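Visitor: Just a sequence and a predicted model for now, questions to come.
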Amino acid sequence: MSSSPTSRLLFDDPGPRARRRIRITTAGTLLVGAALVALALRQFAENGQLAAERWEPFGTWPMWRYLLDGLLSTAKAAVVAIALAMAGGIVLALGRTSPSRWLRWPAAAYVEVVRTIPALLLVYVVLFALPRYGVNMPLFWKLVVPLAVSNAAAFAEIFRAGIRSVERGQLEAGLAVGLTRGRAMRLIVLPQAARRVLPSLVSQSAGLLKDTSLGYVVSYAELLYSGKVLANYNHLLIQTYLIVALIYLVVNATLSKIARTLEARQRTRPSRAVRDAAPGAPVVKTS
Amino acid sequence: MNVITDHLSEFGDGLLMTVELTLLALAGALAAGIVVAAMRVSPVRVLRAAGMAYVETLQNIPLLVWLVIAVFGLPEIGVMAGLFTSAVVVIALYQGAYMAEAIRSGINAVPAGQGEAARALGLTFVQSLRLIVLPQALRTAIQPLGTIAIMTLMNTAMAAAIGVVELTAAANRVNLAEAQPIYIFVTAGLLYMALSAVFGLVTGALERKLAILR
């Protein structure tokens, strides 16, 4: 990775003395790191958690299959919740940018209210309040619905930022060639808006994927709840939860990497539409 | 409405617990965020890598997984702490990763001339960061830090899942006793809205007083 402009702000190219200081700090950092690892290993060893038989189960396929099944359920819940939340988010964003106040106000109220209510509170509402009124959903929906409801507000704000970043002239040109407002939005503004906020959409989706760990509360067998069940069965608490954490880390790090790549690509390369529209404009060559 | 007045003490205790969790976690997160952001802009490559590893690890694993590890996993290796302490420390470290990113982007927004001027005066890296760059960076980053503060408030609810009786858990308990979900959960929701409104107002006031617009 090349050094970003950040790293150049606070120091120049090091001279001999600075290089020595950097070497000393490096050694110190490595020493502290090693000490922390040693401390952790000592805690594991003293409590007998390093014994081979406490880690061997994690080299066997049935255990991994169980956890990967959990991951699959996590992915299912996340995909459905993301789809619902994005659809809701688009509707709310269109509502908030609509000229009619009867659409604008309810949409704004929804976003402002839901954004300040924890997802877990919504989960409790679905778990304990709705059944009293005869709404008893399957476990899957008990997890997906509150996540979709709460993330719709976040997606709405992202889409609204995107819509507002599209120049007014785009919508006006659409209206001028005879499109209705709805069609101009759908055909002209929204595609450009979605393109511009793609990185935020991906990172919000990664956040929603993390929220599916609330399946732990709902007892829907996603990754974390599967980990809990497995840990209760094999009594290897710390090992199981560390493996679960590792799986989350790999999946989410991949997603955030995708978001960063998209963002970097958008910064350096304008969309084809922009290049075609302004052929004289300088275009940063990539690839 | 009787359900609410009958259980005022439960709601009050829950609210207080949420506020305590949020404020302590925020203080810890700000400290962790400043340290990690400083590591990420330092001239020492190992420190930069460590800072980045911290942010990636903390941000890419769900908060609830961290809480479960701290409460059920760590006692297995002889690390015991009370529920409240565990929740505060875990939420502080988790939000610290987000704070670090916000502060780092604030540092990026400080004009390069400020750092150069500091070095020209002979300040060391730590001095120029502490005296020149960081104060400006924090003042630029007030808005994102306020957003993270509200996110922290929302995330303290996760502590309910591991048994800390804060506002969400208190509402749930009252509901189990009284079975009047609408009033009880709406009250809890309103309290959360009120709290985040307070955070929003404080952020706004700080912003008007301190922010440097760039």
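Guide: In hand now; what should we look at?
Visitor: tell me the contacts of A:Gln170?
Guide: The contact partners of A:Gln170, by CB atoms under 8 Å, 6 or more residues apart in numbering or on different chains, come to A:Ile188, A:Val189, A:Gln192. Just so you know, the C-beta spots here come from the backbone N, C-alpha and C atoms, and that holds for glycine as well.
Visitor: List only buried entries from these.
Guide: Among these, those scoring as buried are A:Ile188, A:Val189, A:Gln192 (criterion: 16 or more other CB atoms under 10 Å in any protein chain shown).
Visitor: Among these, name the ones in strands.
Guide: With strands defined by DSSP state E, no entry of those lies inside them.
Visitor: Kindly reformat these as TSV containing pLDDT.
Guide: Conversion of those to TSV gives the following (pLDDT from 0 to 100):
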residue	pLDDT
A:Ile188	92
A:Val189	93
A:Gln192	92
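Visitor: Now tabulate those in JSON lines and tack on distance to chain B.
Guide: Formatted as JSON lines, the entries for the buried ones among the contacts of A:Gln170 read as follows, by distance: CB to the nearest CB, whole Å:
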{"residue": "A:Ile188", "distance to chain B": "31"}
{"residue": "A:Val189", "distance to chain B": "26"}
{"residue": "A:Gln192", "distance to chain B": "25"}
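Visitor: which one of those is nearest A:Ser213?
Guide: Using CB to CB, A:Gln192 is the member of those that sits closest to A:Ser213, with 34.2 Å.
Visitor: Residue ranges in the chain under the pLDDT threshold?
Guide: Since no chain was named, I'll use chain A. Applying pLDDT under 70 to chain A flags the ranges A:1-9, A:269-287.
Visitor: Correction: the question concerned chain B.
Guide: The model of chain B has pLDDT under 70 over residues B:1, B:213-214.
Visitor: So which residues of it form strands?
Guide: Assigned by DSSP E, chain B shows no strands.
Visitor: just how off-centre is whichever helix or strand A:Val91 is part of within its chain?
Guide: Assessed by DSSP states H and E, A:Val91 sits inside helix A:61-96. Here helix A:61-96 shows a centroid-to-chain-centroid distance of 11 Å under the convention CA atoms, centre = their mean, to the nearest Å.
Visitor: so what does that helix touch, helix or strand wise?
Guide: Under the contact criterion of 3 or more CB pairs under 8 Å, 6 or more residues apart in numbering or on different chains; DSSP states H and E, the helices and strands touching helix A:61-96 comprise helix A:101-115, helix A:139-165, helix A:198-211, helix A:215-218, helix A:223-234, helix A:237-268.
Visitor: Same question for that helix: list its buried residues.
Guide: Along helix A:61-96, the positions that meet the burial threshold by neighbour count (16+ other CB under 10 Å) are A:63, A:67, A:70-71, A:73-74, A:77-78, A:80-82, A:84-86, A:88-96.
Visitor: Give me the neighbour count for A:Thr25.
Guide: Residue neighbour count, defined by other CB atoms under 10 Å in any protein chain shown, stands at 17 for A:Thr25.
Visitor: Next, the residue lying closest to it once chain neighbours are set aside: phi, psi?
Guide: Among residues not flanking A:Thr25 along the chain, B:Val44 sits closest, at 4.6 Å (CB to CB, 6 or more residues apart in numbering or on different chains). Backbone torsions of B:Val44, given as degrees, to the nearest 10, read phi -90, psi 120.
Visitor: Next one: B:Val44 from A:Arg186, what distance?
Guide: In this structure, B:Val44 and A:Arg186 are 52 Å apart, going by CB to CB, to the nearest Å.
Visitor: Also B:Ala159?
Guide: Applying CB to CB to B:Ala159 and A:Arg186 gives a distance of 43 Å.
Visitor: Looking at those two, which is more packed in?
Guide: More crowded of B:Ala159 and A:Arg186, by other CB under 10 Å: B:Ala159, with 30 against 15.
Visitor: so that one makes contact with B:Glu166?
Guide: Yes: between B:Ala159 and B:Glu166 a contact is recorded at 5.7 Å, counting by CB atoms under 8 Å.
Visitor: Can you work out which residues contact both of the two?
Guide: The overlap between the contact sets of B:Ala159 and B:Glu166 (CB under 8 Å, 6+ apart) consists of B:Leu21.
Visitor: Looking at chain B, which helix is longest?
Guide: Secondary structure assigned by DSSP state H gives helix B:8-40 as the longest helix of chain B.
Visitor: Would you indicate which residues of it are buried?
Guide: Burial within helix B:8-40, assessed by neighbour count using 16+ other CB under 10 Å, is assigned to B:10-11, B:14-15, B:17-19, B:21-22, B:24-26, B:28-30, B:32-40.
Visitor: is chain A contacted by that helix?
Guide: Yes: counting by CB under 8 Å from any CB of the partner chain, contacts between helix B:8-40 and chain A involve B:Arg40.
Visitor: packing partners for that helix?
Guide: Packed next to helix B:8-40, using 3+ CB pairs under 8 Å, 6+ apart, are helix B:45-60, helix B:83-109, helix B:134-140, helix B:142-155, helix B:167-178, helix B:181-210.
Visitor: what does the stretch 101-250 of chain A have sitting close to chain B?
Guide: For the stretch 101-250 of chain A, the residues in contact with chain B under the definition CB under 8 Å from any CB are A:113, A:116-121, A:124-125, A:128-129, A:132, A:206, A:210-211, A:213-214, A:216-217, A:224, A:227-228, A:231, A:237-238, A:241-242, A:244-245, A:248-249.
Visitor: quick revisit: the longest helix of chain B vs helix B:142-155, what angle?
Guide: With axes from the mean of the first three to the mean of the last three CA atoms, to 10 degrees applied, the angle from helix B:8-40 to helix B:142-155 works out at 130 degrees.
Visitor: how big is the angle separating helix B:8-40 from helix B:45-60?
Guide: Going by the same axes, to 10 degrees, helix B:8-40 makes 150 degrees with helix B:45-60.
Visitor: okay, now B:Leu83: neighbour count?
Guide: B:Leu83 is surrounded by 15 other residues when neighbours are defined as other CB under 10 Å.
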